[in-house]
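**Q** okay, sequence plus prediction incoming.
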Amino acid sequence: MDERKQALLRNLPKIDDLMLRLEKMEAMEGFLREMLRNACRSVVEELRTKIMEGAEESFRMPTSGQAADQARLRVEGYRAFRLRRVINATGVILHTNLGRAPLCREAMERVMEVAGGYSNLEYNLEQGERGIRYDSIRSLLCAISGAEDAIVVNNNAAAVMLVLNTLAVNREAIVSRGELIEIGGEFRIPDVMEKSGARLVEVGTTNRTRIADYERSIGPETALLMKVHTSNFRIVGFTEEADRRQLVELGKRREVAVLEDLGSGCFMELERYGLEHEPTVQESLAAGVDVVTFSGDKLLGGPQAGIIVGKRKFLEKIAQNPLNRALRIDKMTLAALEGTLVKYLRPAEAVADIPVLHALTQPLAGIKKRAGKLHLLLKRMETKGVEITRMDGFSMAGGGSLPTRGIGTALVGIRADFCSAAELERALRRCEPPIIVRVSDDRILLDPRTMKESDLKEVSLLLGETLESFRSFRP
Ligand SMILES: *Cc1c(COP(=O)(O)O)cnc(C)c1O
(Lines give C-alpha, C1' and ligand atoms only; values in the text may rest on other atoms or scores of the structure.)
Protein backbone atom coordinates (compact mmCIF):
# COMPACT_ATOMS: atom_id res chain seq x y z
CA MET A 1 0.00 0.00 0.00
CA ASP A 2 1.40 3.42 -0.86
CA GLU A 3 2.33 5.93 1.78
CA ARG A 4 -0.35 8.42 0.88
CA LYS A 5 -3.06 5.82 1.43
CA GLN A 6 -1.57 4.78 4.76
CA ALA A 7 -1.36 8.38 5.90
CA LEU A 8 -4.97 9.03 4.93
CA LEU A 9 -6.20 5.88 6.65
CA ARG A 10 -4.41 6.89 9.84
CA ASN A 11 -6.25 10.21 9.74
CA LEU A 12 -9.73 8.75 9.41
CA PRO A 13 -12.10 10.23 12.01
CA LYS A 14 -12.49 8.00 15.08
CA ILE A 15 -15.92 6.56 15.69
CA ASP A 16 -15.80 7.25 19.44
CA ASP A 17 -14.93 10.83 18.70
CA LEU A 18 -17.88 11.21 16.32
CA MET A 19 -20.16 9.63 18.92
CA LEU A 20 -19.10 12.15 21.55
CA ARG A 21 -19.92 14.94 19.15
CA LEU A 22 -23.34 13.51 18.23
CA GLU A 23 -24.24 13.05 21.87
CA LYS A 24 -23.64 16.74 22.47
CA MET A 25 -25.98 17.76 19.65
CA GLU A 26 -29.44 18.77 20.78
CA ALA A 27 -30.93 17.46 17.53
CA MET A 28 -29.62 13.97 18.29
CA GLU A 29 -31.07 13.73 21.79
CA GLY A 30 -32.99 10.58 22.61
CA PHE A 31 -32.14 8.60 19.49
CA LEU A 32 -31.16 4.93 19.69
CA ARG A 33 -27.47 4.86 20.63
CA GLU A 34 -26.67 1.87 18.49
CA MET A 35 -28.22 3.56 15.48
CA LEU A 36 -26.14 6.70 16.06
CA ARG A 37 -23.03 4.57 16.29
CA ASN A 38 -23.95 2.76 13.06
CA ALA A 39 -24.44 6.09 11.31
CA CYS A 40 -20.94 7.15 12.44
CA ARG A 41 -19.52 3.82 11.32
CA SER A 42 -21.05 4.06 7.88
CA VAL A 43 -19.66 7.59 7.37
CA VAL A 44 -16.16 6.38 8.32
CA GLU A 45 -16.51 3.21 6.24
CA GLU A 46 -17.42 5.17 3.16
CA LEU A 47 -14.34 7.35 3.61
CA ARG A 48 -12.19 4.24 4.04
CA THR A 49 -13.58 2.70 0.84
CA LYS A 50 -12.91 5.91 -1.06
CA ILE A 51 -9.30 5.92 0.11
CA MET A 52 -8.75 2.24 -0.64
CA GLU A 53 -10.09 2.70 -4.16
CA GLY A 54 -7.52 5.46 -4.67
CA ALA A 55 -8.90 8.84 -3.68
CA GLU A 56 -8.28 11.70 -6.08
CA GLU A 57 -5.62 14.36 -5.49
CA SER A 58 -8.35 16.79 -4.49
CA PHE A 59 -9.59 14.51 -1.70
CA ARG A 60 -9.63 16.27 1.67
CA MET A 61 -10.24 14.32 4.82
CA PRO A 62 -13.26 15.83 6.62
CA THR A 63 -12.66 17.05 10.15
CA SER A 64 -14.35 15.13 12.96
CA GLY A 65 -16.90 17.95 13.17
CA GLN A 66 -17.74 17.62 9.47
CA ALA A 67 -17.95 13.82 9.64
CA ALA A 68 -20.24 14.06 12.70
CA ASP A 69 -22.46 16.41 10.75
CA GLN A 70 -22.70 13.88 7.94
CA ALA A 71 -23.76 11.26 10.46
CA ARG A 72 -26.36 13.63 11.86
CA LEU A 73 -27.80 14.24 8.38
CA ARG A 74 -28.04 10.51 7.89
CA VAL A 75 -30.04 10.11 11.11
CA GLU A 76 -32.30 13.02 10.21
CA GLY A 77 -32.82 11.36 6.85
CA TYR A 78 -34.28 8.29 8.59
CA ARG A 79 -36.85 10.50 10.25
CA ALA A 80 -38.05 12.14 7.05
CA PHE A 81 -41.05 10.23 5.71
CA ARG A 82 -40.30 8.57 2.41
CA LEU A 83 -43.88 7.79 1.51
CA ARG A 84 -45.56 11.11 0.93
CA ARG A 85 -48.08 12.99 -1.11
CA VAL A 86 -47.27 13.96 -4.69
CA ILE A 87 -49.23 16.02 -7.17
CA ASN A 88 -50.20 13.91 -10.18
CA ALA A 89 -50.28 16.24 -13.18
CA THR A 90 -49.78 13.39 -15.67
CA GLY A 91 -53.45 12.80 -16.47
CA VAL A 92 -53.00 9.07 -15.81
CA ILE A 93 -55.88 8.42 -13.43
CA LEU A 94 -54.85 5.00 -12.08
CA HIS A 95 -51.10 5.53 -11.98
CA THR A 96 -49.65 2.36 -10.45
CA ASN A 97 -46.41 4.15 -9.53
CA LEU A 98 -48.35 6.94 -7.83
CA GLY A 99 -50.50 4.80 -5.57
CA ARG A 100 -53.31 3.90 -7.99
CA ALA A 101 -56.69 4.97 -6.65
CA PRO A 102 -56.98 7.97 -4.30
CA LEU A 103 -59.61 7.20 -1.67
CA CYS A 104 -62.88 9.06 -1.27
CA ARG A 105 -63.45 11.09 1.88
CA GLU A 106 -65.90 8.58 3.35
CA ALA A 107 -63.29 5.80 3.01
CA MET A 108 -60.71 7.90 4.84
CA GLU A 109 -63.19 8.75 7.57
CA ARG A 110 -63.99 5.09 8.07
CA VAL A 111 -60.26 4.33 8.44
CA MET A 112 -59.86 7.17 10.96
CA GLU A 113 -62.74 5.88 13.04
CA VAL A 114 -61.60 2.28 13.09
CA ALA A 115 -57.79 2.44 12.98
CA GLY A 116 -56.97 4.32 16.16
CA GLY A 117 -59.12 2.32 18.56
CA TYR A 118 -60.92 -0.94 19.10
CA SER A 119 -63.58 -2.15 16.71
CA ASN A 120 -65.95 -5.05 16.19
CA LEU A 121 -63.67 -6.42 13.47
CA GLU A 122 -64.35 -9.99 14.50
CA TYR A 123 -66.95 -9.53 17.17
CA ASN A 124 -70.66 -10.13 16.86
CA LEU A 125 -72.27 -7.37 18.89
CA GLU A 126 -75.71 -9.04 18.89
CA GLN A 127 -74.54 -12.33 20.27
CA GLY A 128 -71.53 -11.10 22.24
CA GLU A 129 -69.24 -13.65 20.71
CA ARG A 130 -66.66 -14.08 17.98
CA GLY A 131 -67.89 -12.74 14.66
CA ILE A 132 -66.75 -12.92 11.06
CA ARG A 133 -64.28 -10.34 9.74
CA TYR A 134 -65.88 -10.08 6.32
CA ASP A 135 -69.56 -9.86 7.26
CA SER A 136 -69.88 -6.11 6.68
CA ILE A 137 -68.27 -6.21 3.29
CA ARG A 138 -69.95 -9.39 2.09
CA SER A 139 -73.48 -8.07 2.31
CA LEU A 140 -72.50 -4.83 0.55
CA LEU A 141 -70.72 -6.62 -2.27
CA CYS A 142 -73.64 -8.99 -2.77
CA ALA A 143 -76.17 -6.15 -2.71
CA ILE A 144 -74.28 -4.16 -5.34
CA SER A 145 -73.27 -6.97 -7.67
CA GLY A 146 -76.06 -9.50 -7.23
CA ALA A 147 -73.53 -12.19 -6.20
CA GLU A 148 -74.46 -14.99 -3.80
CA ASP A 149 -71.28 -14.61 -1.79
CA ALA A 150 -68.06 -12.56 -1.59
CA ILE A 151 -64.54 -12.84 -0.19
CA VAL A 152 -61.85 -10.16 0.02
CA VAL A 153 -58.07 -10.73 0.06
CA ASN A 154 -54.95 -8.57 -0.32
CA ASN A 155 -55.03 -7.86 -4.05
CA ASN A 156 -56.36 -9.35 -7.24
CA ALA A 157 -53.17 -11.33 -7.86
CA ALA A 158 -53.81 -13.06 -4.53
CA ALA A 159 -57.48 -13.54 -5.41
CA VAL A 160 -56.63 -15.35 -8.66
CA MET A 161 -54.01 -17.45 -6.88
CA LEU A 162 -56.45 -18.40 -4.12
CA VAL A 163 -59.25 -19.36 -6.51
CA LEU A 164 -56.97 -21.48 -8.70
CA ASN A 165 -55.37 -23.13 -5.70
CA THR A 166 -58.78 -24.02 -4.28
CA LEU A 167 -60.59 -25.15 -7.40
CA ALA A 168 -57.83 -26.46 -9.67
CA VAL A 169 -54.80 -27.60 -7.65
CA ASN A 170 -53.06 -30.50 -9.42
CA ARG A 171 -55.75 -30.32 -12.06
CA GLU A 172 -56.17 -28.42 -15.30
CA ALA A 173 -57.37 -24.90 -16.01
CA ILE A 174 -58.03 -24.03 -19.65
CA VAL A 175 -57.09 -20.52 -20.86
CA SER A 176 -57.00 -18.93 -24.30
CA ARG A 177 -53.54 -18.10 -25.68
CA GLY A 178 -54.89 -14.64 -26.40
CA GLU A 179 -55.36 -14.06 -22.67
CA LEU A 180 -51.99 -15.17 -21.27
CA ILE A 181 -51.13 -11.64 -20.31
CA GLU A 182 -48.62 -9.83 -18.17
CA ILE A 183 -49.86 -6.97 -16.03
CA GLY A 184 -47.49 -4.30 -14.74
CA GLY A 185 -45.49 -5.33 -11.71
CA GLU A 186 -44.62 -8.71 -13.23
CA PHE A 187 -47.95 -10.39 -12.71
CA ARG A 188 -47.97 -13.02 -15.45
CA ILE A 189 -50.98 -15.25 -15.73
CA PRO A 190 -48.95 -18.40 -16.59
CA ASP A 191 -46.59 -17.84 -13.62
CA VAL A 192 -49.43 -17.24 -11.18
CA MET A 193 -51.14 -20.38 -12.40
CA GLU A 194 -48.01 -22.44 -11.93
CA LYS A 195 -47.50 -21.16 -8.38
CA SER A 196 -51.13 -21.91 -7.55
CA GLY A 197 -50.56 -25.56 -8.37
CA ALA A 198 -53.02 -25.55 -11.27
CA ARG A 199 -51.89 -26.95 -14.62
CA LEU A 200 -52.31 -24.48 -17.45
CA VAL A 201 -53.81 -25.80 -20.65
CA GLU A 202 -53.47 -23.27 -23.48
CA VAL A 203 -55.99 -23.29 -26.27
CA GLY A 204 -56.48 -21.37 -29.51
CA THR A 205 -54.03 -18.87 -30.95
CA THR A 206 -53.00 -15.36 -29.97
CA ASN A 207 -55.66 -13.71 -32.10
CA ARG A 208 -58.37 -16.34 -32.43
CA THR A 209 -59.84 -18.76 -29.93
CA ARG A 210 -63.20 -20.44 -30.46
CA ILE A 211 -65.43 -22.16 -27.97
CA ALA A 212 -64.70 -25.45 -29.78
CA ASP A 213 -61.03 -25.05 -28.81
CA TYR A 214 -62.01 -25.11 -25.14
CA GLU A 215 -64.39 -28.01 -25.62
CA ARG A 216 -61.79 -30.15 -27.36
CA SER A 217 -59.37 -29.68 -24.45
CA ILE A 218 -61.76 -30.70 -21.71
CA GLY A 219 -60.75 -33.99 -20.16
CA PRO A 220 -61.08 -35.88 -16.88
CA GLU A 221 -58.46 -33.59 -15.28
CA THR A 222 -60.16 -30.33 -16.24
CA ALA A 223 -61.25 -28.29 -13.23
CA LEU A 224 -61.76 -24.80 -14.63
CA LEU A 225 -62.44 -22.75 -17.72
CA MET A 226 -60.72 -19.44 -17.15
CA LYS A 227 -61.32 -16.12 -18.85
CA VAL A 228 -58.90 -13.24 -18.29
CA HIS A 229 -59.70 -9.66 -19.18
CA THR A 230 -56.78 -8.57 -21.34
CA SER A 231 -56.70 -5.30 -19.38
CA ASN A 232 -53.71 -3.44 -20.70
CA PHE A 233 -53.74 -4.34 -24.36
CA ARG A 234 -56.05 -5.24 -27.22
CA ILE A 235 -55.58 -7.54 -30.15
CA VAL A 236 -57.17 -5.83 -33.12
CA GLY A 237 -57.92 -6.93 -36.65
CA PHE A 238 -58.62 -10.56 -37.46
CA THR A 239 -59.70 -11.72 -34.02
CA GLU A 240 -62.17 -14.00 -32.33
CA GLU A 241 -62.74 -14.94 -28.74
CA ALA A 242 -65.25 -17.14 -27.00
CA ASP A 243 -67.64 -14.88 -25.13
CA ARG A 244 -68.48 -15.55 -21.53
CA ARG A 245 -72.00 -16.82 -22.29
CA GLN A 246 -70.53 -19.55 -24.50
CA LEU A 247 -68.03 -20.43 -21.78
CA VAL A 248 -70.79 -20.59 -19.18
CA GLU A 249 -72.91 -22.80 -21.43
CA LEU A 250 -69.97 -25.13 -22.03
CA GLY A 251 -69.06 -25.19 -18.34
CA LYS A 252 -72.62 -26.15 -17.39
CA ARG A 253 -72.88 -28.85 -20.03
CA ARG A 254 -69.55 -30.45 -19.12
CA GLU A 255 -69.76 -29.70 -15.38
CA VAL A 256 -66.65 -27.55 -15.22
CA ALA A 257 -66.54 -24.30 -13.21
CA VAL A 258 -65.94 -20.99 -15.01
CA LEU A 259 -63.63 -18.34 -13.53
CA GLU A 260 -63.30 -14.81 -14.88
CA ASP A 261 -60.46 -12.50 -13.85
CA LEU A 262 -61.86 -9.07 -14.67
CA GLY A 263 -58.81 -7.11 -13.56
CA SER A 264 -60.41 -3.73 -13.09
CA GLY A 265 -63.65 -4.67 -11.46
CA CYS A 266 -65.98 -2.00 -12.65
CA PHE A 267 -69.50 -1.67 -11.21
CA MET A 268 -70.55 1.19 -13.50
CA GLU A 269 -71.51 1.25 -17.14
CA LEU A 270 -68.82 3.61 -18.34
CA GLU A 271 -70.22 3.93 -21.87
CA ARG A 272 -72.93 6.12 -20.33
CA TYR A 273 -70.22 8.70 -19.84
CA GLY A 274 -68.89 8.44 -23.38
CA LEU A 275 -66.10 6.07 -22.38
CA GLU A 276 -65.18 2.67 -23.79
CA HIS A 277 -67.17 -0.28 -22.50
CA GLU A 278 -65.38 -1.91 -19.60
CA PRO A 279 -66.85 -5.29 -18.60
CA THR A 280 -68.76 -4.92 -15.33
CA VAL A 281 -68.87 -7.32 -12.42
CA GLN A 282 -72.67 -7.45 -12.73
CA GLU A 283 -72.62 -8.50 -16.38
CA SER A 284 -70.11 -11.25 -15.69
CA LEU A 285 -72.24 -12.63 -12.84
CA ALA A 286 -75.47 -12.23 -14.79
CA ALA A 287 -73.97 -14.28 -17.62
CA GLY A 288 -73.61 -17.10 -15.09
CA VAL A 289 -69.86 -17.05 -14.43
CA ASP A 290 -69.22 -19.06 -11.26
CA VAL A 291 -66.37 -17.05 -9.75
CA VAL A 292 -65.28 -13.50 -10.65
CA THR A 293 -62.16 -11.75 -9.35
CA PHE A 294 -61.13 -8.07 -9.53
CA SER A 295 -59.03 -5.35 -7.89
CA GLY A 296 -60.18 -2.96 -5.18
CA ASP A 297 -57.92 -0.12 -6.30
CA LYS A 298 -58.44 0.07 -10.02
CA LEU A 299 -61.73 1.37 -11.47
CA LEU A 300 -63.49 0.53 -8.22
CA GLY A 301 -61.55 3.41 -6.68
CA GLY A 302 -60.99 1.89 -3.24
CA PRO A 303 -58.03 0.53 -1.26
CA GLN A 304 -55.71 -2.22 -2.50
CA ALA A 305 -57.70 -5.44 -2.30
CA GLY A 306 -58.65 -8.48 -4.32
CA ILE A 307 -62.35 -9.20 -4.44
CA ILE A 308 -63.85 -12.59 -5.21
CA VAL A 309 -67.59 -12.84 -5.88
CA GLY A 310 -69.75 -15.64 -7.20
CA LYS A 311 -71.67 -18.78 -6.36
CA ARG A 312 -71.77 -19.82 -2.72
CA LYS A 313 -70.92 -23.43 -3.47
CA PHE A 314 -67.48 -22.36 -4.73
CA LEU A 315 -66.88 -19.44 -2.39
CA GLU A 316 -67.43 -21.60 0.68
CA LYS A 317 -64.59 -23.84 -0.46
CA ILE A 318 -62.38 -20.86 -1.24
CA ALA A 319 -63.02 -19.36 2.20
CA GLN A 320 -61.87 -22.57 3.85
CA ASN A 321 -58.53 -22.71 2.03
CA PRO A 322 -55.72 -22.01 4.57
CA LEU A 323 -54.21 -19.67 1.96
CA ASN A 324 -57.22 -17.41 2.55
CA ARG A 325 -56.00 -16.83 6.11
CA ALA A 326 -52.52 -15.97 4.82
CA LEU A 327 -53.95 -13.45 2.37
CA ARG A 328 -56.44 -11.77 4.67
CA ILE A 329 -56.90 -8.01 4.76
CA ASP A 330 -56.56 -5.79 7.80
CA LYS A 331 -59.09 -3.51 9.47
CA MET A 332 -57.89 -0.40 7.64
CA THR A 333 -58.46 -1.95 4.24
CA LEU A 334 -61.80 -3.28 5.36
CA ALA A 335 -62.87 0.13 6.67
CA ALA A 336 -61.76 1.91 3.48
CA LEU A 337 -63.47 -0.66 1.30
CA GLU A 338 -66.71 -0.32 3.21
CA GLY A 339 -66.53 3.47 2.91
CA THR A 340 -66.02 3.13 -0.85
CA LEU A 341 -68.60 0.44 -1.50
CA VAL A 342 -71.48 2.25 0.22
CA LYS A 343 -71.16 4.91 -2.48
CA TYR A 344 -72.14 2.38 -5.13
CA LEU A 345 -75.57 1.89 -3.58
CA ARG A 346 -76.36 5.20 -5.28
CA PRO A 347 -74.39 5.33 -8.55
CA ALA A 348 -74.67 9.12 -8.80
CA GLU A 349 -72.93 9.36 -5.44
CA ALA A 350 -70.18 7.01 -6.61
CA VAL A 351 -69.50 9.15 -9.66
CA ALA A 352 -69.51 12.37 -7.66
CA ASP A 353 -67.48 11.23 -4.66
CA ILE A 354 -65.05 8.50 -5.73
CA PRO A 355 -62.02 10.34 -7.11
CA VAL A 356 -61.25 7.77 -9.83
CA LEU A 357 -64.79 7.83 -11.22
CA HIS A 358 -65.04 11.58 -10.85
CA ALA A 359 -61.78 12.08 -12.80
CA LEU A 360 -62.87 9.60 -15.49
CA THR A 361 -66.31 11.05 -16.07
CA GLN A 362 -65.55 14.74 -15.75
CA PRO A 363 -66.96 16.46 -18.83
CA LEU A 364 -64.41 18.10 -21.10
CA ALA A 365 -65.99 21.50 -20.49
CA GLY A 366 -65.14 21.25 -16.77
CA ILE A 367 -61.54 20.27 -17.49
CA LYS A 368 -61.22 23.12 -19.98
CA LYS A 369 -62.39 25.53 -17.33
CA ARG A 370 -59.79 24.29 -14.88
CA ALA A 371 -57.07 24.37 -17.53
CA GLY A 372 -58.09 28.00 -18.09
CA LYS A 373 -57.76 28.71 -14.38
CA LEU A 374 -54.33 27.06 -14.26
CA HIS A 375 -53.29 29.03 -17.32
CA LEU A 376 -54.34 32.29 -15.66
CA LEU A 377 -52.53 31.47 -12.43
CA LEU A 378 -49.38 30.63 -14.37
CA LYS A 379 -49.58 33.82 -16.41
CA ARG A 380 -49.29 35.76 -13.16
CA MET A 381 -45.70 34.66 -12.66
CA GLU A 382 -42.72 36.20 -14.43
CA THR A 383 -43.19 34.92 -17.96
CA LYS A 384 -40.11 36.35 -19.69
CA GLY A 385 -38.59 33.53 -21.76
CA VAL A 386 -41.46 31.20 -20.81
CA GLU A 387 -44.13 30.02 -23.22
CA ILE A 388 -47.40 28.90 -21.64
CA THR A 389 -49.89 27.32 -24.02
CA ARG A 390 -53.31 25.75 -23.70
CA MET A 391 -53.63 22.66 -25.84
CA ASP A 392 -55.84 19.65 -26.47
CA GLY A 393 -54.62 16.21 -25.50
CA PHE A 394 -55.48 12.91 -23.90
CA SER A 395 -55.70 11.60 -20.36
CA MET A 396 -55.34 7.87 -19.71
CA ALA A 397 -57.35 5.64 -17.38
CA GLY A 398 -54.21 3.62 -16.51
CA GLY A 399 -54.16 0.52 -14.33
CA GLY A 400 -54.82 -1.60 -17.40
CA SER A 401 -58.30 -0.14 -17.80
CA LEU A 402 -59.75 1.25 -21.02
CA PRO A 403 -56.40 0.89 -22.79
CA THR A 404 -57.17 1.72 -26.39
CA ARG A 405 -58.68 5.15 -26.30
CA GLY A 406 -57.25 8.17 -24.57
CA ILE A 407 -59.81 10.42 -22.92
CA GLY A 408 -60.01 13.87 -24.48
CA THR A 409 -58.65 16.51 -22.11
CA ALA A 410 -57.34 20.07 -21.94
CA LEU A 411 -53.65 20.56 -21.16
CA VAL A 412 -51.38 23.41 -20.23
CA GLY A 413 -47.93 23.16 -21.84
CA ILE A 414 -44.87 25.05 -20.63
CA ARG A 415 -41.61 25.64 -22.40
CA ALA A 416 -38.74 27.85 -21.18
CA ASP A 417 -35.82 29.36 -23.12
CA PHE A 418 -33.44 28.93 -20.23
CA CYS A 419 -33.96 25.28 -19.31
CA SER A 420 -34.97 22.09 -21.10
CA ALA A 421 -38.25 20.29 -20.45
CA ALA A 422 -36.28 17.35 -19.02
CA GLU A 423 -34.53 19.66 -16.53
CA LEU A 424 -37.80 21.24 -15.55
CA GLU A 425 -39.49 17.85 -15.13
CA ARG A 426 -36.67 16.73 -12.82
CA ALA A 427 -36.77 19.94 -10.77
CA LEU A 428 -40.54 19.65 -10.30
CA ARG A 429 -40.11 16.11 -9.02
CA ARG A 430 -37.89 17.57 -6.28
CA CYS A 431 -40.41 20.17 -5.14
CA GLU A 432 -42.30 19.85 -1.88
CA PRO A 433 -44.77 18.32 -2.62
CA PRO A 434 -43.23 16.71 -5.72
CA ILE A 435 -45.08 17.43 -8.97
CA ILE A 436 -45.13 14.63 -11.53
CA VAL A 437 -45.61 15.76 -15.14
CA ARG A 438 -45.45 14.41 -18.67
CA VAL A 439 -42.90 15.69 -21.19
CA SER A 440 -43.61 15.94 -24.89
CA ASP A 441 -42.02 17.97 -27.65
CA ASP A 442 -39.66 19.78 -25.22
CA ARG A 443 -42.60 20.99 -23.16
CA ILE A 444 -43.90 19.87 -19.82
CA LEU A 445 -47.61 19.11 -19.89
CA LEU A 446 -50.01 19.62 -16.99
CA ASP A 447 -53.32 17.76 -17.09
CA PRO A 448 -55.93 19.19 -14.68
CA ARG A 449 -57.97 15.96 -14.90
CA THR A 450 -55.88 14.32 -12.17
CA MET A 451 -55.29 17.50 -10.16
CA LYS A 452 -57.38 18.68 -7.23
CA GLU A 453 -58.68 22.21 -7.09
CA SER A 454 -56.07 23.08 -4.45
CA ASP A 455 -53.31 21.54 -6.59
CA LEU A 456 -53.77 24.20 -9.27
CA LYS A 457 -52.63 27.01 -7.03
CA GLU A 458 -49.85 24.97 -5.44
CA VAL A 459 -48.50 23.95 -8.84
CA SER A 460 -48.51 27.49 -10.15
CA LEU A 461 -46.59 28.74 -7.10
CA LEU A 462 -44.03 25.94 -7.17
CA LEU A 463 -43.60 26.17 -10.92
CA GLY A 464 -43.02 29.92 -10.61
CA GLU A 465 -40.32 29.36 -7.98
CA THR A 466 -38.70 26.57 -9.96
CA LEU A 467 -38.53 28.60 -13.17
CA GLU A 468 -37.18 31.56 -11.19
CA SER A 469 -34.31 29.50 -9.81
CA PHE A 470 -33.37 28.30 -13.31
CA ARG A 471 -33.56 31.86 -14.59
CA SER A 472 -31.29 33.20 -11.87
CA PHE A 473 -28.65 30.59 -12.69
CA ARG A 474 -28.80 31.25 -16.42
CA PRO A 475 -29.88 34.84 -16.97
C1 LIG B 1 -54.45 -5.67 -12.55
C2 LIG B 1 -54.80 -7.06 -12.85
C3 LIG B 1 -54.44 -8.09 -11.96
C4 LIG B 1 -53.68 -7.83 -10.72
O5 LIG B 1 -54.44 -7.10 -9.80
P6 LIG B 1 -53.77 -6.48 -8.49
O7 LIG B 1 -54.91 -5.96 -7.69
O8 LIG B 1 -52.83 -5.42 -8.95
O9 LIG B 1 -53.05 -7.59 -7.81
C10 LIG B 1 -54.80 -9.37 -12.30
N11 LIG B 1 -55.48 -9.64 -13.43
C12 LIG B 1 -55.85 -8.67 -14.30
C13 LIG B 1 -56.60 -9.05 -15.53
C14 LIG B 1 -55.52 -7.34 -14.04
O15 LIG B 1 -55.86 -6.37 -14.90
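**A** Yep, it's here.
**Q** just the residues contacting the biggest strand by length in the chain, thanks.
**A** Identified as the longest strand of the chain according to DSSP state E is strand 386-398. If you take C-beta atoms under 8 Å, 6 or more residues apart in numbering as the criterion, strand 386-398 is touched by 91-96, 275, 299, 359-360, 371-372, 375, 378-379, 403, 406-417, 443, 445, 447, 449-450, 467. Quick note: C-beta positions are derived from backbone N, CA and C, even for glycine.
**Q** in the stretch 201-350 of the chain, which residue sits closest to the ligand?
**A** Per C-beta to the nearest ligand atom, the residue of the stretch 201-350 of the chain with the smallest distance to the ligand is residue 263, at 2.4 Å.
**Q** what's the neighbour count on that residue?
**A** Neighbourhood size, residue 263 [other C-beta atoms under 10 Å]: 26.
**Q** show me what from the stretch 201-350 of the chain comes close to the ligand.
**A** 228-229, 231, 261, 263-264, 295, 306 (C-beta under 6 Å from any ligand atom).
**Q** give the ChimeraX command for selecting the buried subset of those.
**A** In ChimeraX, this line selects whichever of those come out buried by 16 or more other C-beta atoms under 10 Å:
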select :228,229,231,261,263,264,295,306
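**Q** narrow the residues of the stretch 201-350 of the chain next to the ligand to those in strands?
**A** 228, 261, 263, 295, 306.
**Q** re the thing from before, residues in contact with the residue of the stretch 201-350 of the chain closest to the ligand?
**A** 156, 183, 228-229, 231, 294-295, 298, 400-401.
**Q** over to residue 240?
**A** Contacts of residue 240 (C-beta under 8 Å, 6+ apart): 207-210.
**Q** who does it bridge with?
**A** Per DSSP bridges, the residues bridged to residue 240 are residue 208.
**Q** the longest strand of the chain vs the ligand: in contact?
**A** No: applying C-beta under 6 Å from any ligand atom, one finds strand 386-398 separated from the ligand by no less than 10.7 Å.
**Q** partner strands of that strand and their direction?
**A** strand 92-94 (parallel), strand 407-416 (antiparallel).
**Q** just so I have it, where are all the helices in the stretch 201-350 of the chain?
**A** With DSSP state H, counting those that start in this stretch as the criterion, the stretch 201-350 of the chain has helices at 211-217, 244-254, 281-286, 312-320, 322-326, 331-341, 347-353.
**Q** tell me the most buried of these?
**A** With neighbours taken as mean count of other C-beta atoms under 10 Å, these reach their highest mean count in helix 331-341, at a mean of 23.
**Q** that helix - contacts with which helices or strands?
**A** helix 105-115, helix 135-145, strand 149-153 (3 or more C-beta pairs under 8 Å, 6 or more residues apart in numbering; DSSP states H and E).
**Q** again, only this time at 10 Å
**A** Using 3 or more C-beta pairs under 10 Å, 6 or more residues apart in numbering; DSSP states H and E as the contact test, the elements touching helix 331-341 are helix 105-115, helix 135-145, strand 149-153, helix 347-353.
**Q** what's in contact with the last one?
**A** Yep, that's helix 347-353 we're talking about. Under the contact criterion C-beta atoms under 10 Å, 6 or more residues apart in numbering, helix 347-353 has outside partners 104-107, 144, 267-269, 272-273, 300-301, 339-344, 346, 356-358, 360-362.
**Q** just name the shakiest helix or strand of this structure by mean pLDDT.
**A** Confidence across the helices and strands of the chain bottoms out at strand 182-183, with a mean of 76, counting by mean pLDDT, DSSP states H and E.
**Q** related to what we said a few turns ago, tabulate the residues of the stretch 201-350 of the chain next to the ligand (a markdown table), appending pLDDT.
**A** Listed next are these as a markdown table, based on pLDDT from 0 to 100:
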| residue | pLDDT |
| --- | --- |
| 228 | 93 |
| 229 | 89 |
| 231 | 71 |
| 261 | 96 |
| 263 | 91 |
| 264 | 89 |
| 295 | 96 |
| 306 | 98 |
